[in-house]
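K.L.:
I'd like to go over a predicted model; first the sequence, then the structure.
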Amino acid sequence: MNKRWMITGGASLLFLTGCMPTINQPEEEVIVVEETEEEEEQEFVITPTINTPDAYYRNVLEDGTYSRSSARGNVAHAMNNRVDIEQFELGLMEIASGVFDQENYYFQEGNHFDGELVNSWLRRYEPSEEEEEEESEDAAGFDAEEEEAAVEIEESAGLNPPLGDGEDDEERMRDAPLVLSNIVEHNYFRGSEEDGVELGGIVVGISVRSVYYFRTETEDGRLNFFEEPVDEEYAIEYAEEAAGDILQRMRSQEELQEVPITFAIFREEPRGSLNPGTFRRMTEVGAGDMNIQGWENISETSLVFPSSNARDVQPALSESFTQFKDDVDDFFGQQVGTVGKARYKDDNLDEMKIEMNLQSHGKPEVIALTQFISGRLENLLQAQAPVYVYIDSVEGREAMVIQYPGEEPFMHIYK
């Protein structure tokens, strides 16, 4: 079926509301897909550009509705740590911005990897009896149907290591930890009035574990829980090999044979960690290329304040944060749970997020505390990096303060 995609003008669409600075709302773009007479016309909407210090991709909406990946929420072996999940998704978009510029590309969640497929990839590799028999036979003996069936099996085969050696389940699982925890696909579209709209690139994120958590069951039904550290170098190299397999499987789909693909490898933090995981490697595969030529290191670290590690690695910032925390406690008249999370890229501070938890409060106190914090942020970092402060209570979020370098703090009180 032939499709012709065009961009036409449409009505303005507002997505952000509330207590925000004035922003210019351009007209959204509408992409009309003209189908054959047997099918209804499909409409794609490009969300407006919002002028904010944080640059985000515009989204592609199908018939005005956000297109959610069918794999979302359906991956059984996904990450254990919520902060890892959030950083994984946002970090992939940051990596994409260095490959697919935000002026000319639009974001959409992946639709080529469904939940069933991703789950099959995250399982252990287990050769079937048919595969084992085929390996013992001469490949020339395959007919076309047998070859096609073998390809289908290979495309859904597990990418995690097969069970290791040992006398019982614990030993076999400990000998070969599950390395890969999640695989995420992001799609990036491009288009113009002259050339139409098409899939311009894909970013695939592969996350690896730092700790393998597993359990075994005794004959009487009792569960035993274990954990096994996963060597970082081994995990990264394993993910690089898995990326090569994923590339081959993607290229077997006709619509993906000429699409540029970027792979990024993310290493999780242990369960319960306050620190999010970090990206370790990335690579770009050109349109039509069947092999990965090499990988680029990503220098990214995270620190939690206050902590002994932060005092050792960043003593000056650690001292400033401790003073900031003490000032807040003194102002409030009691201890406030204040935790900072700083992210560094290439040894330079990229951003800091501060979370505060109030045990008891009134709305006037929240307002006064928020105002007090707004006047202290500039002295906290004394560096060119954005700071985000979130004030929470048992009832939910109460307020936030955001300060970008060289700008006045922005304050919002939730009502």
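P.N.:
Yep, that arrived.
K.L.:
which strands and helices sit next to the strand or helix carrying Leu199?
P.N.:
Per DSSP states H and E, Leu199 falls inside strand 196-208. On a contact count with 3 or more C-beta pairs under 8 Å, 6 or more residues apart in numbering; DSSP states H and E, strand 196-208 meets strand 4-9, helix 82-97, strand 180-192, helix 232-251, strand 261-267. For every residue, glycine as well, the C-beta is placed using N, CA and C.
K.L.:
So what are the sheet partners of the helix or strand just after the last one and their directions?
P.N.:
What that stands for is strand 261-267. Of the helices and strands lying after strand 261-267 in sequence (DSSP H and E), the nearest is strand 278-285. Counting by DSSP bridges, the strands paired with strand 278-285 are strand 261-267 (antiparallel), strand 296-297 (antiparallel).
K.L.:
So if we follow the domain assignment, how does the protein break up?
P.N.:
According to automatic domain parsing, the chain comprises the domains 1-67, 69-123+158-298, 302-413.
K.L.:
The closest residue to Leu178 other than its chain neighbours: what's it in contact with?
P.N.:
With C-beta to C-beta, 6 or more residues apart in numbering as the criterion, Leu178 has its nearest non-adjacent residue at 4.9 Å, and that residue is Asn160. Taking C-beta atoms under 8 Å, 6 or more residues apart in numbering, we find Asn160 in contact with 122-125, 178-180.
K.L.:
I am assuming Ala176 contacts Leu163, so please confirm or correct that.
P.N.:
Yes. Using C-beta atoms under 8 Å, Ala176 makes contact with Leu163 at a distance of 5.8 Å.
K.L.:
so where do the helices sit in the chain?
P.N.:
82-97, 115-122, 129-136, 144-156, 169-175, 232-251, 308-313, 315-332, 363-374, 377-381 (DSSP state H).
K.L.:
which residues are in contact with the first one?
P.N.:
This points to helix 82-97. So helix 82-97 is contacted by 55-57, 78-79, 105, 107, 182, 184, 186, 188, 201, 203, 205, 207, 262, 264, 266, 268-269, 273-279, 282, 298 (C-beta under 8 Å, 6+ apart).
K.L.:
hmm, try it at 6 Å
P.N.:
The contact list for helix 82-97 (C-beta atoms under 6 Å, 6 or more residues apart in numbering) reads 79, 186, 203, 205, 207, 264, 266, 268, 276-277, 279, 282.
K.L.:
Could you identify the least confident member of these?
P.N.:
Lowest pLDDT within the contacts of helix 82-97 is found at Met79 (76).
K.L.:
Do I have it right that that one meets Ser181?
P.N.:
Yes. At 5.4 Å, Met79 counts as touching Ser181 under the criterion of C-beta atoms under 6 Å.
K.L.:
Between those two, which is the more surrounded one?
P.N.:
It is Ser181, of Met79 and Ser181, that has more neighbours when counted by other C-beta atoms under 10 Å, with 27 against 21.
K.L.:
From Phe88, how far out is the more buried one?
P.N.:
Distance of Ser181 to Phe88, computed by C-beta to C-beta, to the nearest Å: 10 Å.
K.L.:
and what of Asp114?
P.N.:
To Phe88, Asp114 is 19 Å away according to C-beta to C-beta.
K.L.:
Looking at those two, which is more packed in?
P.N.:
For the pair Asp114 and Phe88, the greater number of neighbours falls to Phe88 (25 against 15), based on other C-beta under 10 Å.
K.L.:
confidence score at the spatially closest residue to Gly166 that is not a sequence neighbour?
P.N.:
Excluding its sequence neighbours, the residue lying closest to Gly166 (C-beta to C-beta, 6+ apart) is Arg172, at 4.1 Å. Looking at Arg172, its pLDDT is 95.
K.L.:
Any idea how many residues pack against Arg172?
P.N.:
Arg172 has 15 neighbours, counted by other C-beta under 10 Å.
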